[in-house]
Structure formats: structure tokens, C-alpha cells
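Asks: Just need the structure, nothing else, for what follows:
(2 chains)
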Protein chains: 2
Amino acid sequence: MTEPARIRGVLSPVVTPFSADLTPDPARFLAHCRWLLGQNCGLAFLGTNSEANSLSLAERLGLMDALFEAGLDTRRMMPGTGSCALSDTVALTRHAVQHGCAGVLMLPPFYYKGVPEAGLYRYFSEVVERVGDARLRLYLYHIPPVAVVGITPGLVERLLKAYPTAIAGMKDSSGDWDNTKTFLDAFATSGFDVFVGSESFLLRNMRHGGVGTISATANVNPAAIHALYSGWQRPDAEAQQQRLDRVRDTIGRKYLMIAALKETIALYAEDAAWRSVRPPLLPLDSGERASLAAELAVIGFTMPGLARAAAAAR
Amino acid sequence: MTEPARIRGVLSPVVTPFSADLTPDPARFLAHCRWLLGQNCGLAFLGTNSEANSLSLAERLGLMDALFEAGLDTRRMMPGTGSCALSDTVALTRHAVQHGCAGVLMLPPFYYKGVPEAGLYRYFSEVVERVGDARLRLYLYHIPPVAVVGITPGLVERLLKAYPTAIAGMKDSSGDWDNTKTFLDAFATSGFDVFVGSESFLLRNMRHGGVGTISATANVNPAAIHALYSGWQRPDAEAQQQRLDRVRDTIGRKYLMIAALKETIALYAEDAAWRSVRPPLLPLDSGERASLAAELAVIGFTMPGLARAAAAAR
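Replies: This is a model prediction of the structure:
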């Protein structure tokens, strides 16, 4: 039996739409996931930008099931399954693996700070053992600006030695290219797949042996990011990278990223319900909404087909 | 109808015993809670030292139910109910309030860092509104070394204005007396009850209008801490404070606090099962165990009645 091809390319940490009572809205979620798949974008749903940690276990499982039951391609899915509680992480990971997801993206347990590397090893090791499924492909999620607790090269080395098949790669959201390069240099040739956490690093990642990006902005600009992913060896790649950076700066520099992504979708899907975020986050205020819309218009930003796809879900 | 007396004094963030498979062990938990109540110590179970964030929602509710079903005095209980997910926090808080708990200790949602005060206000406000029970007494939990996200005076002021009965006080685990004093000076006279997160600050807290302490070490040294709480105006209070500090230093300075507390209980309860911690934490190694035991013997530390109480649970 040959091993199925690993997931690569551009993945979106899919933002989670909410109903008026702040419960997840599976219909809008499904419509957005379908639109993303149609733009060559995989689904790293239940991530940081998905407000996954603001959802209960049952709410997370419910969003997984919405995609599974609709028959979306699980080979294009890498849901986030890492929680502070070992039991939740195991439950989510097992559910994803049993439904054929290409991988899972796993935060370290992030409540206790300053835990020893051996403690984090013990955690991931328990998860792999308890899931106990040869199909598991685990991507470690390094996002120190948010989780504070991070993934170190020493931890990866130890895990790769113990679980060479299950430990498939990482997402590096450190925002620090030197850190990404350390992991690429140390592990990329041993089949450890590095995704960068922002398309700003996509061209550099591809040039140094990385496999793609899992980026917030892929929620709204997936096709253009995929064009750079698939054409990174073309002569205009630098210019493409600059155009991607301009879109990312417009959305993410002045505003809280998650609220700005949802406002962008609300705008282009012509659907104000998309603005809703769960506390402790806040939606953009009316002044921010107006300035973001004006700035997106200035750079000629579009989301082709989104309004039609979104209308079909209502 | 007169309002029931507010909970005060010494509370223990009860450590959670685990079985060999790392599931919570309700029998040992119940035995330890009974011993603590017998030492004049209230139960702030499901806190940081309880590894509550390493437990699923179902596991937390299960530990609550173990105490409720055994008929322990809920007027001496302040379980931790704060999670990153609004839905989990509401479920836990509602369960505690409906069973008559004197209060709940609530972490802010701690995944997203740098969220605006208005976002935290929105979170706590949603919880109070959704629980919708006049019996709710909410204690805000400030522990920036762990949660990173903290409780500010501006947030307390806003919440107190909107919910003067529900917002009952806070636990300050900043480890910074100046911070505690800021909250005492601003809010203690308006019925906002400040607990310090370490008994090292207990005497100062009582002298400045505080109401007690919720401290890790109360798991193992409750009676002595309570003696200072009830006798803080006596002439030997400073000497008592120094004796408490010596015990705390012995257990918490060189070792990871949670593992050292569990080792101390294992030692005095003569029950090695108490050593277990959930990943990402690690138990003390054999060298640390030996040195902790020796150091506790040197200071003449005891846990009166623990071995008998623990044996009854096995």
C-alpha cells in the first residue's frame, strides 16, 4: 500500500461564522469552505483565526461534522485539534483521523507557561499513543505571540525519532523567518513539512524546501496566494509576493485580523451576519468598517464568486 | 430576604488526583476535600493548581458532581469556571450556581493576547447575562504569570457598575503587592472582596481590607494559614506569617508547585498514587522527591489526620 500524498499548498484557517446568539452557523461555514476549495485552498479550519479556542468541544465536533456530512474532500482538510486538555485533543484528533482528514494542526497545551520540553513531549506522545491510528499525520503548531508556549527544534527531533510517520510537519506562525529557516534546515529533508503562518514568507519558504502556507488572509485572497505557491519558480514571483503583501497589510496591519477578515467577507459576500465574533473579540466599529472598505477598493481587491456562493447558503 | 454571608478566609485550589490512566480520581479527590474542610479550609477546586485547564468540560463537571453528590457544604465552595470558550464557562458557572456554590472563580479567556478591555468586558458581561441567576457571585481571577491576559481596575470598575451584586471580588495571583493594594484601595469599601493568591501576602491583605487567601499551599498547610487569617490582629501575627512563608518556600521555590504539592500529599497520605500529574506537567523525579521529603522533615512539617483520611478513601 502506498502512502497517500501529503497535504501541501495553501490552506485557510477558516473563519467561523456565528448566528445572532453567537452559536456557530454551519450553513455559512459550509458555503465559505466550498468557496475556498474552489479557489485551490485547503481547509485548516478550527484554527486561531477560526476562534476555535472560543468554542466548546461539542461546537468544534459539530463544525467538523458539518463538513464531513456534506461530503467535502477530507484529503484537503487539516483541522485544528490542540487544546489545553489532553482528553479534548485526543477526542478531536481521533474524530478527524477516523473521517480521513489529511492531517491535524496541533497547538501545544497553552495554559501552563515555562513547562519543560519533556513535559510537552509527554503531552504529544500521549496524544499519538491514545489516538493509536496509523493514518494520523500531526502538524505541530508554533504560534508564540498567541499561545506563548512554543515548539522547539529539540522537541521536534525527539518526536520525529519516536513517531517518524505520525509527526508530519509544522505550521510556523512565529513571524520570524530565522526561526522557520532553522526548522527547514534541520528537518525538511527528513520529510517534515513546514508551512509558514503568513503568505509574506511563502516565496522564501518554497525556495528553502517548505511546502506551503496556512494563512489568515487565505480566507479572502486564496487564489492569488495559490498562484504564487504553484508558480514560485516563475520570474514574476517577487512581484506576486509584493502584491500579496499589499493585500495582507491592508487587512491585517491596522485592524484586529480576525474581525477584519470577517468584515471583508461580510463586504464581498454582501452579508452583514459575517461580522460577528465571539467575545473576548470585538467586531470592527463603523469607522473601521468604512476605512477598510475604502482601502480594499483602492487596491482593487476582489473575491470572485463569493457573493454568489454566499447567497446560495442563505 | 437577607443576602447569605459571602465566602471568606482560606481556600484551597484543590489538587486533582488521577488514576493510572490519567482520568480524575473522584474518591481520592473527595477524601482530600473532606480533610481540607476539616482544617477550616474552603474549596476553590478546579483552579490552576487543580490542572483544571488540562481537564475536559465533562471531567470538570464530574468533579463538581462528586462533591455535590457527597453532600459537601457548597457554601464553602468557589470552583474555577473560566475557560477560553464562552459556552464552557457558562455551562460550568450555571452548574455551580444551581448547586448553591458560594462563588465561582473566573479566569479571563486566555488564548487571544492583547484583547481590548472592552472585549473582556463583553465576555464577562455575556457570562453574567447568560447564567441569569441572582445567586451568582463571580470572583475575577488575575494570574498574569500564567494566563497572560489579566484583570485591570478599569474592567472591574465597569463590571461593578453594571453588575454590582454578581461581581463579588477577585483573586490576585500577580505576586505583586502593589497591584493588590491598587484593587483594595479602589474597590474594597464597595463590597469587592480581594483574596490574595499566596499566603505570603495574607497579613498585608487583611491589614488593608482584604478577605483572605486562595493559595496553592493551602492544599497542605491549611490549618496554619487559617490560624493567621483568624488571628491577624494578634501580636504574634508577623511570626506566624514567617512560619507560613518558610513552608511555602520549602515546597514552591525549587520545585514545580503542582508536582511538589502532590508529592507532599503522597508523602503524608502514604499514597504514591497522588504523584500523578497530567501532561504537559511532569511529576518530581526521584532525586527531587528525596530532597523535598528531607527539607519538609527539617522544618518539622506535618499534615495532621491526612493519612487516616486518605486511607478511608482507598
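
Asks: now A:T180, nearest residue through space, not along the chain?
Replies: A:D172 (4.7 Å; CB to CB, 6 or more residues apart in numbering or on different chains). For glycine as for every other residue, the C-beta is placed from the backbone atoms N, C-alpha and C.

Asks: let me redo that: A:V194
Replies: Sequence neighbours aside, A:G210 is the residue nearest to A:V194 in space, at 4.5 Å (criterion: CB to CB, 6+ apart).

Asks: ok but that neighbour is inside a helix, no?
Replies: No. Going by DSSP: H, G, I helix; E, B strand; the rest coil, the assignment for A:G210 is coil, not a helix.

Asks: okay, it: pLDDT?
Replies: Each residue has a pLDDT score; the one for A:G210 is 98.

Asks: since we're on it, how many residues are nearby?
Replies: Residues lying near A:G210 (other CB atoms under 10 Å in any protein chain shown) number 25.

Asks: Make sure it is actually in contact with A:T189.
Replies: No. With contact defined as CB atoms under 8 Å, A:G210 does not count as touching A:T189 (12.0 Å).

Asks: quick revisit: list the contacts of the residue nearest to A:V194.
Replies: Residues counted as contacts of A:G210 (CB atoms under 8 Å, 6 or more residues apart in numbering or on different chains) are A:T180, A:L184, A:A188, A:D193, A:V194, A:F195, A:V196.

Asks: mind listing the strands for chain A?
Replies: Taking DSSP state E, the strands of chain A run over residues A:9-12, A:42-43, A:104-106, A:138-142, A:167-172, A:193-196, A:212-214.

Asks: Output the contacting helices and strands for the shortest one.
Replies: Pointing back at strand A:42-43 there. strand A:9-12, helix A:26-38 (3 or more CB pairs under 8 Å, 6 or more residues apart in numbering or on different chains; DSSP states H and E).

Asks: what's the spacing between that strand and its chain's center?
Replies: Relative to its chain's centre, strand A:42-43 lies at 8 Å (CA atoms, centre = their mean, to the nearest Å).

Asks: now do stretch A:84-100
Replies: Taking CA atoms, centre = their mean, the mean C-alpha location of stretch A:84-100 is offset from the chain mean by 17 Å.

Asks: Which positions in the stretch 101-250 of chain A make contact with chain B?
Replies: Contacts of the stretch 101-250 of chain A with chain B, taken as CB under 8 Å from any CB of the partner chain, map to A:108-113, A:115-116, A:118-120, A:122-123, A:126, A:145-149.

Asks: Could you give the number of residues near A:I299?
Replies: When counting by other CB under 10 Å, one arrives at 12 neighbours for A:I299.

Asks: Test my guess that A:F110 contacts B:Y111.
Replies: Yes. If you go by CB under 8 Å, A:F110 and B:Y111 touch, sitting 7.0 Å apart.

Asks: so where's chain A shaky on pLDDT?
Replies: Applying pLDDT under 70 to chain A flags the ranges A:1-2.

Asks: Which stretches in it count as helices?
Replies: Assigned by DSSP state H, the helices in chain A fall at A:26-38, A:57-69, A:86-98, A:117-131, A:144-147, A:153-162, A:177-187, A:202-207, A:222-230, A:237-252, A:257-268, A:286-298, A:306-312.

Asks: So what's the gap between the shortest one and the chain middle?
Replies: The one in question is helix A:144-147. 14 Å.

Asks: which parts of that helix are buried?
Replies: A:P144, A:V146, A:A147 (16 or more other CB atoms under 10 Å in any protein chain shown).

Asks: any idea how far the second one is from A:S56?
Replies: Going back to what we said before, that points to A:V146. Noted for A:V146: a distance of 19 Å to A:S56, by CB to CB, to the nearest Å.

Asks: Over to A:G231?
Replies: Distance, A:G231 to A:S56, by CB to CB: 41 Å.

Asks: more neighbours, these two?
Replies: Per other CB under 10 Å, whichever of A:G231 and A:S56 has more neighbours is A:S56, with 21 against 13.

Asks: contacting residues for the residue lying closest to that one once chain neighbours are set aside?
Replies: Among residues not flanking A:S56 along the chain, B:S87 sits closest, at 4.2 Å (CB to CB, 6+ apart). Listed by CB under 8 Å, 6+ apart, the contact set of B:S87 reads A:L55, A:S56, A:A58, A:E59.

Asks: which residues does the closest residue to A:N179 other than its chain neighbours bridge with?
Replies: Sequence neighbours aside, A:D172 is the residue nearest to A:N179 in space, at 6.3 Å (criterion: CB to CB, 6+ apart). Beta-bridge partners for A:D172, by DSSP bridges, are A:H142, A:V196.

Asks: How about A:L105?
Replies: Under the criterion used (DSSP bridges), A:L105 bridges to A:G80, A:Y139.

Asks: list the contacts for it?
Replies: A:A44, A:G47, A:M78, A:P79, A:G80, A:T81, A:G82, A:Y139, A:Y141, A:K171, A:I214.

Asks: Distance to A:M257 and neighbour count for those - can I get that in a markdown table?
Replies: Listed next are the contacts of A:L105 as a markdown table, based on distance: CB to CB, whole Å; neighbours: other CB atoms under 10 Å in any protein chain shown:
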| residue | distance to A:M257 | neighbour count |
| --- | --- | --- |
| A:A44 | 15 | 31 |
| A:G47 | 12 | 29 |
| A:M78 | 19 | 30 |
| A:P79 | 20 | 29 |
| A:G80 | 16 | 27 |
| A:T81 | 22 | 30 |
| A:G82 | 19 | 27 |
| A:Y139 | 21 | 27 |
| A:Y141 | 16 | 28 |
| A:K171 | 15 | 30 |
| A:I214 | 14 | 29 |
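
Asks: Right, I'll leave it there.
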